[in-house]
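Q: Next input, structure requested:
(chains A and B)
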Amino acid sequence: MPGSLTLSDDDRAMLAGDRGKGVRFAMRILVRAAEAMGAERLLDVSSAHIDGCLYHGKAGLDFARRLVDGGAEVSVPTTLNVSSLDLLHPGLVRLDRGTAAEARELMDAYLAMRCRPTWTCAPYQLPERPALGEHVAWAESNAIVFANSVLGARTGRYGDFIDICCAVTGRAPAAGLHLDDERLARAVVRVERLPETLLMDEAAFAAIGHIVGRATGSAVPAIVGLPPSTTEDQLKALGAAAASSGAVAMFHAVGVTPEAPTLEAATGDHAPAVDVSIDLRAMRAARDELSTVEVGAAVGSVSIGTPHCSAFELRRVAALVEGRRLAVPCYANTGRDVLGGVPGVAEALRRAGVTIVTDTCTYITPIIEREATPVVTNSGKWAWYAPGNLGFDVAFATLEECIDSAETGRLVRDRDAWGDG
Amino acid sequence: MAEATRVLVPGTASGNVVVLDEPLSFWGGFDPATGLLVDTHHPQVGAALGGCVLVMPAGRGSSSSSYVLAEAVRAGTAPAAVVLGEPDPIVALGAIVAEELYGVGLPVVVAPSPALVTGRRIAVRADPDGAVELEDG
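A: Sure thing, here's the model as predicted:
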């Protein structure tokens, strides 16, 4: 409740305006948010990831301008999430000129505060990333869940605005997932034996994540039954889907993620309130819930890389499209730093006709033409949001099904992989 | 009831109650240009939320929801107040920033099972000391 928050001398100095108006404004927002969260104090963070650079209207610009005009700059290393524009591939985004100018102005405001122009939703793919137990202030739901779950770093479920307030002040509310007890699992999800061919693909993990989010809401789940060989890309897909269909900000994968060597370690003393199982039938149901068109339907395009493709995923796409003729447009979203690290792969993708998107993503800004729908995607997050955001029909599929669909222009299903009768 | 309630953002407001059966993510689920619920997965897709007292079990999904809520306040399409079943920092933050930028109060309170029904007009009073009143008005 308001009144229970104790500030340090330095916090009070910032709140009093000792470091300028911008810092004072940031600390004021941070203190009000900390009170709403019931925090008793603030703690130091070592990095921040900012979501507020994606344009959703003038309010974000008004907010960023207030900070910039007050002289605010970040006090810890700070990365930027996707924006509304692709600066490396101008002409790809079809925003009207006025909106594009304001979107650019918003990006420039965050650069003026000395954030790094990373423009990616997957800051965990960059070379420097937080260590186990390190406190950070990350926004962007998929980055939050990855930092907490896969890296074992500690961030709250931060949204736009508080992200930059934490970056400017170097402080965050000591609440939520920053605290030991809050990180223990309150729900158990048991993944039953699934076909190995299905578990090779990120989409299977996105389907698992979709079910987890639906079943557990905002509770921290412990997932039992994932193979020890589960990759970061697969955990990324799982977390992103769970943070879309639910408010999941952290999960444990028992035997895979750093704070869950055993189920007992993940749950601590808590008796889980939810205990659900996922079998192949549930996987098919999730797949079909994330699809608005039937197998065999004509499709208009393919979009992969939500969250942004890693170098490994780009290589996999390049290998799948090599020597094939794509009948419909195929988009691959990735970060500019990742792309810059694999020039040969980028060239192979372009040669095969794949359109590479950086700095933004096909589900948040107008890139795909309405005529190029339905869209096939291997992303649970894309499939979840696109029908509402863009008004597009969508089909959720494995990466191989995506590329097969791109080649044939029809939605292709691997009935063996999914166990369809 | 009163002892289980909490004030996340103080303020006063009144409007017609809209009770959502499922959580809503403002980003991706709400259009600040129209004030309509646009999440196609939501059972109440199409509901008009502008000026209402929005009652929902929890927030959900994207961390951009704070921005979308603040933008809705700026555009005049936001709910007048939000009553949550459990605390949601992202919804609270959107209301806090909107108030700081535009001086428009949007009270956000936690009331685990309020006896509110859709269509009833009520007044919300959320005091900084934590007192909450939800009354016909």
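Q: Let me know the secondary structure of the residue nearest in space to the middle of chain B.
A: Central residue of chain B (CA atoms, centre = their mean): B:V82, 2.1 Å from the mean position. The three-state assignment at B:V82 reads strand, by DSSP: H, G, I helix; E, B strand; the rest coil.
Q: Any idea what it is bridged to?
A: B:L54, B:V108 (DSSP bridges).
Q: cool, and A:Y331?
A: Applying DSSP bridges to A:Y331 yields these beta-bridge partners: A:S303, A:T355.
Q: That one: how many residues sit nearby?
A: By the measure other CB atoms under 10 Å in any protein chain shown, the count of residues near A:Y331 is 22. C-betas here are computed from N, CA, C, even on glycine.
Q: So it is in contact with A:T306, correct?
A: No: if you go by CB atoms under 8 Å, A:Y331 and A:T306 don't touch, sitting 9.9 Å apart.
Q: Now list whatever residues contact both of these two.
A: A:T362 (CB atoms under 8 Å, 6 or more residues apart in numbering or on different chains).
Q: pretty sure the residue nearest to the centre of chain B is in contact with B:A111, am I right?
A: No: assessed by CB under 8 Å, B:V82 is found out of contact with B:A111, at 10.5 Å.
Q: can you map out the strands along the chain?
A: Just so you know, I chose chain A. A:42-44, A:48-50, A:78-80, A:137-138, A:171-173, A:187-191, A:221-224, A:252-253, A:274-278, A:301-309, A:330-334, A:354-358, A:375-377, A:394-396 (DSSP state E).
Q: Wait, chain B was what I had in mind.
A: B:6-9, B:11-19, B:30-31, B:36-37, B:53-56, B:81-84, B:108-110, B:121-126, B:132-136.
Q: Does the last one reach chain A?
A: Pointing back at strand B:132-136 there. No: Strand B:132-136 stays clear of chain A (CB under 8 Å from any CB of the partner chain), getting no nearer than 11.7 Å.
Q: residues contacting residue 102?
A: Just going to use chain A. A:E102 sits in contact with A:55, A:58, A:61, where contact means CB under 8 Å, 6+ apart.
Q: nope, chain B please
A: B:Y102 sits next to B:73-74 when contact means CB under 8 Å, 6+ apart.
Q: roughly how far apart are it and B:R125?
A: From B:Y102 over to B:R125 the distance is 21 Å, taken as CB to CB, to the nearest Å.
Q: before we move on, what about B:L24?
A: 24 Å.
Q: Looking at those two, which one has more neighbours?
A: When B:L24 and B:R125 are compared for neighbours, B:L24 comes out ahead with 25 against 19, by other CB under 10 Å.
Q: Please name the bridge partners of that one.
A: Beta bridges link B:L24 to B:G59 when assigned by DSSP bridges.
Q: So it sits against B:V55, correct?
A: No: here B:L24 does not reach B:V55: they are 10.8 Å apart, not a contact under CB under 8 Å.
Q: which residues touch A:H210?
A: If you count contacts by CB under 8 Å, 6+ apart, then A:H210 has A:241-242, A:244-245, A:286, A:289-290, A:380, A:384 around it.
Q: can you pull the contacts of the closest residue to A:G176 other than its chain neighbours?
A: Leaving aside its sequence neighbours, A:G176 sits nearest to A:G156 (CB to CB, 6 or more residues apart in numbering or on different chains; 4.4 Å). Listed by CB under 8 Å, 6+ apart, the contact set of A:G156 reads A:37, A:137, A:144, A:172-173, A:175-178, A:249, B:89.
Q: For chain B, give me the ranges with low pLDDT.
A: Where chain B drops to pLDDT under 70, the residues are B:1-4, B:61.
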